[in-house]
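>>> sequence plus the predicted model coming up.
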Number of protein chains: 2
Amino acid sequence: MAEKWVLMVTAQTPTNIAVIKYWGKRDENLILPINDSISVTLDPQHLCTTTSVAVSPAFTHDRMWLNGKEISLSGGRYQNCLRELRARASDVEDEEKGIKIAKKDWEKLHVHIASYNNFPTAAGLASSAAGFACLVFSLAKLMNVKEDHSKLSAIARQGSGSACRSLYGGFVKWIMGKEENGSDSIAVQLADEKHWGDLVIIIAVVCSRQKETSSTSGMRETVETSMLIEHRAKEVVPRRIIQMEEAIKDHDFPSFSRLACSDSNQFHAVCLDTSPPIFYMNDTSHRIISCIEKWNRFEGTPQVAYTFDAGPNAVLIAHNRNAAKLLLQRLLFYFPPQSDTDLSSYVIGDKSILEDAGVHNMKDIEALAAPPEVKDNTPAQKYKGDVSYFICTRPGKGPVLLNDETKELLNAETGLPN
Amino acid sequence: MAEKWVLMVTAQTPTNIAVIKYWGKRDENLILPINDSISVTLDPQHLCTTTSVAVSPAFTHDRMWLNGKEISLSGGRYQNCLRELRARASDVEDEEKGIKIAKKDWEKLHVHIASYNNFPTAAGLASSAAGFACLVFSLAKLMNVKEDHSKLSAIARQGSGSACRSLYGGFVKWIMGKEENGSDSIAVQLADEKHWGDLVIIIAVVCSRQKETSSTSGMRETVETSMLIEHRAKEVVPRRIIQMEEAIKDHDFPSFSRLACSDSNQFHAVCLDTSPPIFYMNDTSHRIISCIEKWNRFEGTPQVAYTFDAGPNAVLIAHNRNAAKLLLQRLLFYFPPQSDTDLSSYVIGDKSILEDAGVHNMKDIEALAAPPEVKDNTPAQKYKGDVSYFICTRPGKGPVLLNDETKELLNAETGLPN
């Protein structure tokens, strides 16, 4: 066996958006939450992380590249994940390449990790969730870790709390657990992505002039200073978790929407109740909420749910394709692009929704009529340029291995980024 | 006694700003709150309502003019106040004019009321608080109602909840009370305006593109839908009331500031936790908070407290004149006026603070240096035109009778507006 071999695995992992929010840890190091949370996994075709991990006796230390740039692995979160995975590694044999790695060898071997997001990291779209999930999933495959996805989720959780929910497609619950060592703080799948295939998701990436508080320090400050967070975690969320599980099981969109919107708003309320207060939503976020609330009231039954994470971007979940079409028309009416923007870069992802909406060019946006819920006597205000772009997507599948060599992010010979 | 006589009383009543907030009623008709609240009365020289009330046998029905425009008195709130006052009216004799009104005559006599705010009604500066307080105070004087201010506060409360706190100067507590008929839901003075004479108040009237939810419907929706409001009212506010009373008694500005800021933020948090959510603060409000929080942290001890009512305007309470000077410099640095604005209309009220700040003209504003808490490597962003104007004021006195005939808003002969 030549000492120059490189063994590589490449995987793709989705991001996810919580509809019952995770905010607040009871253990900062193990990342154990103060309440359960529920998320929807987003279609990796539009939002995902791809990660290649490689091992070789030629590697002198663990290294990682994120979006082509080398980053440090010295942080506790990376170290926790690597340690947990190495402890569970098994014998690996690649007969074709003539490679044999014994269980005990993993303690000495080093890995190279290259990770790439197919969406802007800075857009505040839970890139760390997809990133840590993919790191853990791909290393587990490489190291022949025989744990199931729930056990892997407990490892990914130690990288980034919400990462544990990206180990599954569809609808996922992160159970907070009771154990001090976090072994029962795991994610489980409630239903796969086909269970409620009608849902369509549109993300509004909102322009912002503020630098946002990181969610790590934000939730720590909330737990330390908010007088409302404990009541939320102990009294409000447990009931909402039960109701949300029911709503997903029954395809009950009115309940799903009511719970998702209320819980997003309550998460932002406890941020505001933090000292100093944390503002993640801005005026544009508020306007998107007002637009959805007004429309839902006008229709008598919810058409669209909204939810906002630790930033101003809106994640809008439409009941079905028709609601998504009407939603996109409204969004483009209120938030038209700057005149120098290209439509194809203003609405990305599943462009078939744009076709459904009858919008083929910039003139079609200008020609959009005011929605019927706008009263005739009050001309609708427009907010040109307040949204950077829209992503059309849907609930999606969980992590997958990629066997396509063209997707590999590390060179098969050198183990360095391609 | 000629039947053409007109008997008139003119009074002036301050507005007030809550530092522990009133939000939520347990009785909509009697206006009984779900928690105690504490306010600071603002100097009537800068913000007040002046009201003339007159009675004459020639008047055929009760009438009222607000800022020169006749308005209807048919609403329940006006009717409740008028009924309560008539029930407590006494004999009145004006020997000079040869007028005698017996207690029982008040049931048949009609009144004219003219009210005027010395600040924009639309600016969201609690005009209804000063308005109802002044209506009740002046009618009580006219009708020789012998109740003390606390009893009158329970009548003003039925016009507008926060009006009860405008019956006193200085620092005022509205006790929620326990009685079903509201008789013990009254305001009491904690300390007069001279008790803590160092405080300086600067109000930023913030530009807004939103139509705001009225506080009446807003607080009803919060009580009906928020999962956090009950915990706030029952668990959080009672402790804060005790602490705030202590802070005021001891001139403890750090505690005063911490409590006022936290309670303002919690009030807006429960608004956000309402379904549909209520947003009163906008991006400009958030930026003012961030500016104050950053400065207070930089100084190590609070210089300024902030509080926001049901709108985007900031009420900023500075520890003393020096802090007020430094505050105004910061506000004018971050929020300079539009170039076509006149400085004398951009900073109104007590202009001596402007002199302390060394700002005599628009050039002085442009020349203001970035505050030291701004890091050198991040150039401070400015938000020209986001504030309409600033009002410099201080804690002030309670209602007073005006004996100056030039201040009368009704004609002494006709009883109609001047």
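Thanks, I have it.

>>> got the residues of chain A near chain B?
Contacts of chain A with chain B, taken as Cβ under 8 Å from any Cβ of the partner chain, map to A:209-210, A:227-228, A:231-232, A:235-236, A:258, A:261-262, A:265-266, A:268-270, A:272-277, A:279, A:282-283, A:286, A:289-290, A:293, A:297, A:381. Backbone N, C-alpha and C define where each C-beta goes, glycine included.

>>> what residues are up against A:E221?
The contact partners of A:E221, taken as Cβ atoms under 8 Å, 6 or more residues apart in numbering or on different chains, are A:213, A:274-276, A:278.

>>> how far away is it from B:G177?
According to Cβ to Cβ, to the nearest Å, A:E221 and B:G177 sit 36 Å apart.

>>> before we move on, back to that, now the buried members of the residues of chain A next to chain B.
Among those, the ones that count as buried by 16 or more other Cβ atoms under 10 Å in any protein chain shown are A:227-228, A:231-232, A:236, A:258, A:261-262, A:265-266, A:268-270, A:272-277, A:279, A:282-283, A:286, A:289, A:293.

>>> next, A:P336: secondary structure please.
coil (DSSP: H, G, I helix; E, B strand; the rest coil).

>>> hang on, A:F335 packs against A:A204?
Yes. A:F335 is within contact range of A:A204, at 7.2 Å (criterion: Cβ atoms under 8 Å).

>>> in the helix or strand containing A:A247, what's buried?
According to DSSP states H and E, A:A247 maps onto helix A:237-249. For helix A:237-249, the neighbour count (16+ other Cβ under 10 Å) marks A:237, A:240-241, A:243-245, A:247-248 as buried.

>>> can you lay out those residues as a markdown table showing distance to B:G68?
Supplementary listing: those in a markdown table, determined by distance: Cβ to Cβ, whole Å:
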| residue | distance to B:G68 |
| --- | --- |
| A:V237 | 53 |
| A:R240 | 52 |
| A:I241 | 57 |
| A:Q243 | 53 |
| A:M244 | 55 |
| A:E245 | 60 |
| A:A247 | 55 |
| A:I248 | 59 |
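
>>> which of those residues lies closest to chain B?
A:R240 (8.8 Å; Cβ to the nearest Cβ).

>>> so what's A:Q266 closest to, chain neighbours aside?
With sequence-adjacent residues excluded and distances taken as Cβ to Cβ, 6 or more residues apart in numbering or on different chains, A:Q266 is closest to B:D273, at 5.0 Å.

>>> quick one: contacts for that neighbour?
Applying Cβ under 8 Å, 6+ apart to B:D273 gives the contacts A:262, A:265-266, A:269, B:222, B:226-229.

>>> separation between it and B:T225?
Distance, B:D273 to B:T225, by Cβ to Cβ: 8 Å.

>>> for the stretch 101-250 of chain A, give me the ranges with low pLDDT.
A:121-124, A:126 (pLDDT under 70).

>>> what's the longest helix seen in chain A packed up against?
Assignment by DSSP state H gives helix A:253-272 as the longest helix of chain A. Helix A:253-272 makes packing contacts with strand A:16-20, helix A:215-225, helix A:237-249, helix A:283-299, strand A:304-307, strand A:314-318, helix B:253-272 when contacts are defined by 3 or more Cβ pairs under 8 Å, 6 or more residues apart in numbering or on different chains; DSSP states H and E.

>>> the first one pairs with which strands?
So that's strand A:16-20. strand A:37-41 (antiparallel) (DSSP bridges).

>>> and the strand it pairs with with helix A:253-272, angle?
Here strand A:37-41 points in a direction 120 degrees away from that of helix A:253-272 (axes from the mean of the first three to the mean of the last three Cα atoms, to 10 degrees).

>>> reformat the contacts of A:E221 as a markdown table; add secondary structure.
Listed next are those as a markdown table, based on three-state DSSP:
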| residue | secondary structure |
| --- | --- |
| A:T213 | coil |
| A:T274 | coil |
| A:S275 | coil |
| A:P276 | coil |
| A:I278 | coil |
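
>>> so which of these comes closest to chain B?
A:P276 (4.1 Å).

>>> list the contacts for the closest one?
A:221, B:289-290, B:293, B:297.

>>> ditto for A:R88
Neighbours of A:R88 in contact, by Cβ under 8 Å, 6+ apart: A:140, A:143, A:145-147.

>>> could I get these as CSV with neighbour count and secondary structure?
Converted to CSV, the contacts of A:R88 look like this (neighbours: other Cβ atoms under 10 Å in any protein chain shown; DSSP: H, G, I helix; E, B strand; the rest coil):
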residue, neighbour count, secondary structure
A:A140, 26, helix
A:M143, 24, coil
A:V145, 22, coil
A:K146, 10, coil
A:E147, 14, coil
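
>>> of those residues, which is the nearest to chain B?
The closest of those, once distances to chain B are taken by Cβ to the nearest Cβ, is A:E147, at 37.2 Å.

>>> going along the chain, name the strands of the stretch 101-250 of chain A.
With DSSP state E, counting those that start in this stretch applied, the stretch 101-250 of chain A shows strands at A:110-117, A:171-174, A:187-191, A:200-206, listed in chain order.

>>> ok, residues contacting the shortest one?
When contacts are defined by Cβ under 8 Å, 6+ apart, strand A:171-174 is touched by residues A:16, A:22, A:33, A:36-41, A:153, A:157, A:161-162, A:164-165, A:185-192, A:195-196, A:241, A:245, A:248, A:395.

>>> dump it to PDB, keeping only the CA atoms.
Taking Å, rounded to 0.1, in the frame of the first residue of the first chain, the C-alpha atoms of strand A:171-174 are listed here in PDB:
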ATOM      1  CA  PHE A 171     -40.100  18.100   8.700                       C
ATOM      2  CA  VAL A 172     -37.700  17.700  11.700                       C
ATOM      3  CA  LYS A 173     -38.000  18.000  15.400                       C
ATOM      4  CA  TRP A 174     -35.000  18.700  17.600                       C
END
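
>>> quickly list the domain ranges of chain A.
A:7-194+A:401-407, A:200-393 (automatic domain parsing).

>>> span of the shortest one from start to end?
With Cα to Cα, to the nearest Å as the measure, the first residue of domain A:200-393 is 6 Å from its last.

>>> just give me how far that domain sits from the chain centre.
Chain-centre distance of domain A:200-393: 15 Å, with Cα atoms, centre = their mean, to the nearest Å.

>>> next one: the first one
Taking Cα atoms, centre = their mean, one finds the center of domain A:7-194+A:401-407 at 13 Å from the center of the full chain.
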